[in-house]
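*Asks:* pasting a predicted model and its sequence here:
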Amino acid sequence: MSYSLFTFFHITMPEEASEIVQSVAISSPTVEEKEMTPLPVRQMILIWIVTFVEPVQFGVIFPFVYFMVKEFHVVQDDKMLGYYVGMLSSVFCIAQLFTCLPWGWVSDRVGRKPVIIVGLLGNALFCTLFGFSKSFYYALGMRFLCGFWNGNVGVVKSMIGEITDSSNRGLAFAYWESAFGLGTIIGPMLGGLLVNPVEQYPSLFGQSQLFRDYPYLLPCLVGSIFSVMGSFLGVFLLQETLKPKIADYDSIDTMEEENVPLLGELSLDEPEIEIKKPLPFNQIINKKVRMSILCYATWCLVTIMYDEIYALLVAEPLKTGGLQLSAFDIGLALSFSGFVQIFGQVFIYPKLEKRLGVVGVFRLAGWMLSFFAFALPFCSDYARSIVKSPDGIYTSEEKSVVFGLLFILLAGKTFSSVIGYIPCIIFVNDSAPNSHSLGTVHGCGQIAASLTRGAGPAIGGILWSWSISNNLRFPFDYHVTLFIVGLLSLVGVWESYVLESMN
């Protein structure tokens with residue numbers, strides 16, 4: 001049984017995961033078996049930890065963002081809240097759109113580690129300040145600054161690309177994605193359980209004027225503590241992975257063909273070697289890179305639009321097409337989906353990749369997500385058919401039935417989402433012309449992802465507000481928003497065929 005980051009936590013991996021041997025060449029739908037290079041366990045654990053904090057802070061607002069914007073009194077008609085909720089959700093990624101390529105460029109020159117530390121500390125500061133929001137535009141500014149200072153995702157992908165080879169990269173990205181899974185659990189859980197602590201936990205916080213005045217501060221403050229802890233670990237334990245190498249930049253990924261990590265054995269004491277200048281930007285962003293990034297961006301758009309519309313649908317009153325759940329209920333459901341995400345990443349994805357190949361897994365994910373997007377709005381139809389209260393108040397039995405159905409749909413969506421993300425990351429990583437363009441390629445990928453993740457919530461919010469106020473019949477009522485998401489998922493499937501034809 002091979003070692004992984006789970007040995008650090010004394011968790012036993014299934015034999016199937018340890019036996020994975022894979023080729024990330026996306027031209028082949030099947031996987032050629034060869035011996036897998038052992039992963040650098042300590043470095044992977046540290047990368048996993050510093051990655052974990054971003055989904056915590058990104059997801060902490062989702063259980064309460066609808067109610068927060070409502071308290072800002074920016075609109076008189078609650079049906080228009082979707083516009084502003086979408087704007088507040090998307091501004092984090094819009095900020096990253098302007099900074100992820102510069103952060104990638106900086107990391108290619110000064111190293112990955114300094115950029116990661118700055119991102120973690122920026123997250124901690126501005127997430128805390130977001131908790132003090134008393135107006136919509138102040139909250140918008142803090143979320144923008146939080147995204148502005150955070151370029152970690154693209155940089156961390158470059159680090160993983162530098163410490164892995166073609167035999168273990170898929171497994172490494174699967175483990176890395178599990179950090180997002182756990183963050184997806186912890187973030188919404190913090191948002192749902194810690195919001196408005198004066199009312200939820202009067203025996204502990206009933207006398208606190210601070211949390212009475214700022215009911216959304218506590219979950220943001222706790223989320224920031226994770227960032228500070230991650231930055232300390234990064235400073236003292238995380239190794240720099242960008243090592244100067246002499247390389248022939250006219251060849252493509254010769255090191256991967258030799259089946260060795262880009263860094264070999266990690267060591268902080270290696271002497272520096274004179275390095276050639278990196279490739280010009282126009283030679284890095286070739287046709288294959290552009291298509292890989294487009295595939296990744298489409299998947300990001302699909303998943304973030306689904307998440308935004310889901311957050312609005314579950315909070316919206318039953319009579320207008322929602323499920324009328326509380327912030328606590330929303331946080332609970334999202335936390336449950338995080339467990340599904342981890343299970344899918346660690347136990348299911350490796351088996352699927354071994355059987356179907358990277359491209360095959362992505363296509364399966366696209367069809368699955370399309371199905372669950374089409375199905376979600378019918379959950380609201382079913383809830384309205386069984387809830388007898390005119391005010392939309394659930395009995396315990398009614399709530400159990402609706403929650404059970406919602407969990408099934410959310411689990412299916414989460415599973416399909418995560419098994420689609422890992423291939424996208426591999427597409428982008430393996431399209432890079434050489435190791436010293438990884439930061440730039442992943443930076444460009446993160447720009448595209450940030451663009452779609454920034455536009456997605458805004459588009460989703462606009463579509464949702466329009467759909468519940470247009471007085472049109474099915475399917476152009478609230479159903480249409482998720483129908484569009486389902487169709488976009490199938491566009492991603494088509495793009496995978498175009499990408500495969502380039503190899």
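*Replies:* Now that the structure is in, tell me what you want to look at.

*Asks:* from residue 319, how far off is residue 180?
*Replies:* Distance from residue 180 to residue 319, counting by C-beta to C-beta, to the nearest Å: 35 Å. Quick note: C-beta positions are derived from backbone N, CA and C, even for glycine.

*Asks:* I'd say residue 145 and residue 128 touch.
*Replies:* No. Taking contact to mean C-beta atoms under 8 Å, the distance of 11.4 Å between residue 145 and residue 128 leaves them out of contact.

*Asks:* residue 180 and residue 319: who's more crowded?
*Replies:* Between residue 180 and residue 319, counting by other C-beta atoms under 10 Å, residue 180 is the more crowded of the two (25 against 12).

*Asks:* packing partners for the strand or helix carrying that one?
*Replies:* Using DSSP states H and E, the secondary-structure element containing residue 180 is helix 169-194. Under the contact criterion of 3 or more C-beta pairs under 8 Å, 6 or more residues apart in numbering; DSSP states H and E, helix 169-194 touches helix 41-59, helix 152-163, helix 217-236, helix 327-343, helix 349-386, helix 396-431.

*Asks:* what's the most buried one of the ones you listed?
*Replies:* Each of the helices and strands packed on helix 169-194 was scored by mean neighbour count; the highest is helix 152-163, a mean of 26, by mean count of other C-beta atoms under 10 Å.

*Asks:* what segments of the stretch 201-350 of the chain are strands?
*Replies:* With DSSP state E, counting those that start in this stretch as the definition, the stretch 201-350 of the chain shows no strands.

*Asks:* where does pLDDT dip in it?
*Replies:* Segments of the stretch 201-350 of the chain classed as low confidence (criterion: pLDDT under 70) are 244-281, 335, 338.

*Asks:* same check on the stretch 401-503 of the chain?
*Replies:* For the stretch 401-503 of the chain, residues meeting the criterion pLDDT under 70 lie at 435-436, 438-439.

*Asks:* how close does the nearest residue to residue 316 once chain neighbours are set aside sit to residue 346?
*Replies:* Closest residue to residue 316 apart from its sequence neighbours, by C-beta to C-beta, 6 or more residues apart in numbering: residue 322 at 2.5 Å. To residue 346, residue 322 is 33 Å away according to C-beta to C-beta.

*Asks:* residue 106 too?
*Replies:* 32 Å.

*Asks:* who's more crowded, those two?
*Replies:* In this comparison of residue 106 against residue 346, neighbours counted by other C-beta under 10 Å, the higher total goes to residue 346 at 22 against 19.

*Asks:* quick one: the more buried one and residue 176 touch, right?
*Replies:* No. The pair residue 346 / residue 176 is not scored as a contact, 11.0 Å apart, by C-beta under 8 Å.

*Asks:* returning to that earlier point: pretty sure the residue nearest to residue 316 contacts residue 310?
*Replies:* No. The criterion here is C-beta under 8 Å, and residue 322 misses it with residue 310 at 10.4 Å.

*Asks:* what about the two, which has more around it?
*Replies:* residue 310 (25 against 22).

*Asks:* what score does the closest residue to that one other than its chain neighbours have for pLDDT?
*Replies:* Spatial nearest neighbour of residue 310, excluding adjacent residues (C-beta to C-beta, 6+ apart): residue 376 at 6.9 Å. Reading off the confidence values, residue 376 has pLDDT 92.

*Asks:* same check, this time on the one 3 residues further on
*Replies:* Here, the pLDDT recorded for residue 379 equals 90.

*Asks:* do the same with the one 5 residues further on
*Replies:* According to the per-residue confidence, residue 384 scores 88 in pLDDT.

*Asks:* gap between it and residue 322?
*Replies:* As defined by C-beta to C-beta, residue 384 lies at a distance of 10 Å from residue 322.

*Asks:* if we can go back for a sec, list the contacts of the residue nearest to residue 316.
*Replies:* For residue 322, the contacting residues are 312, 313, 314, 315, 316, 380, taking C-beta atoms under 8 Å, 6 or more residues apart in numbering as the criterion.

*Asks:* so the fifth one sits right up against residue 468, yeah?
*Replies:* Yes. Taking contact to mean C-beta under 8 Å, the distance of 6.9 Å between residue 316 and residue 468 places them in contact.

*Asks:* just to check, residue 222 is in contact with residue 193?
*Replies:* No. Counting by C-beta under 8 Å, residue 222 sits too far from residue 193 to count as a contact (9.7 Å).

*Asks:* shared neighbours, these two?
*Replies:* Among the neighbours of residue 222, none is also in contact with residue 193 (C-beta under 8 Å, 6+ apart).

*Asks:* which residues sit against stretch 75-89?
*Replies:* Where contact means C-beta under 8 Å, 6+ apart, the residues beyond stretch 75-89 that reach it are 61-62, 65-66, 68-70, 72, 74, 136, 139-140, 143, 308, 311-312, 320, 457-462, 464-465, 468-469.

*Asks:* what about the helices in the stretch 1-150 of the chain?
*Replies:* In chain order, the stretch 1-150 of the chain shows helices spanning 5-8, 15-18, 41-59, 65-71, 81-110, 112-130, 136-148, with DSSP state H, counting those that start in this stretch as the criterion.

*Asks:* same list (the ones you listed) but as CSV, adding mean pLDDT.
*Replies:* Below are the helices of the stretch 1-150 of the chain laid out as CSV (pLDDT from 0 to 100):
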stretch, mean pLDDT
helix 5-8, 32
helix 15-18, 38
helix 41-59, 82
helix 65-71, 87
helix 81-110, 82
helix 112-130, 90
helix 136-148, 91
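
*Asks:* which of the ones you listed sits closest to residue 296?
*Replies:* Within those, the stretch nearest residue 296 is helix 81-110; the backing value is 12.6 Å (C-beta to C-beta).

*Asks:* and the closest one with helix 136-148, angle?
*Replies:* In terms of direction (axes from the mean of the first three to the mean of the last three C-alpha atoms, to 10 degrees), helix 81-110 departs from helix 136-148 by 30 degrees.

*Asks:* gap between the two ends of stretch 126-141?
*Replies:* Between the opening and closing residues of stretch 126-141 lies a distance of 9 Å (C-alpha to C-alpha, to the nearest Å).

*Asks:* buried residues, that stretch. List them.
*Replies:* Going by neighbour count (16 or more other C-beta atoms under 10 Å), the buried part of stretch 126-141 is 126, 127, 128, 129, 130, 131, 132, 133, 136, 139, 140, 141.

*Asks:* these two touch, right, the second one and residue 223?
*Replies:* Looking back up the chat, that one is residue 127. Yes. Counting by C-beta under 8 Å, residue 127 does reach residue 223; the two are 5.5 Å apart.

*Asks:* OK, contacts around the nearest residue to residue 428 once chain neighbours are set aside?
*Replies:* Of all residues not flanking residue 428 in the chain, residue 445 sits nearest, at 4.4 Å (C-beta to C-beta, 6+ apart). Listed by C-beta under 8 Å, 6+ apart, the contact partners of residue 445 are 154, 157, 292, 293, 296, 297, 428.

*Asks:* what is the burial count for the fourth one?
*Replies:* Put plainly, it is residue 293. For residue 293, the tally of surrounding residues (other C-beta under 10 Å) stands at 23.

*Asks:* list the contacts of it.
*Replies:* 428, 431, 444, 445, 448.

*Asks:* just the closest of those to residue 285, please.
*Replies:* Nearest member of the contacts of residue 293 to residue 285, counting by C-beta to C-beta, is residue 444, at 6.2 Å.

*Asks:* show me the contacts for the closest one.
*Replies:* Under the criterion of C-beta under 8 Å, 6+ apart, the contact partners of residue 444 comprise 101, 104, 285, 289, 293.

*Asks:* most surrounded residue in the residues you listed?
*Replies:* Among the contacts of residue 444, residue 104 has the most neighbours (other C-beta under 10 Å), with 27 neighbours.

*Asks:* how about it, nearest residue that isn't a chain neighbour?
*Replies:* The spatial neighbour of residue 104 that comes closest, neighbours along the chain excluded (C-beta to C-beta, 6+ apart), is residue 443 at 2.3 Å.
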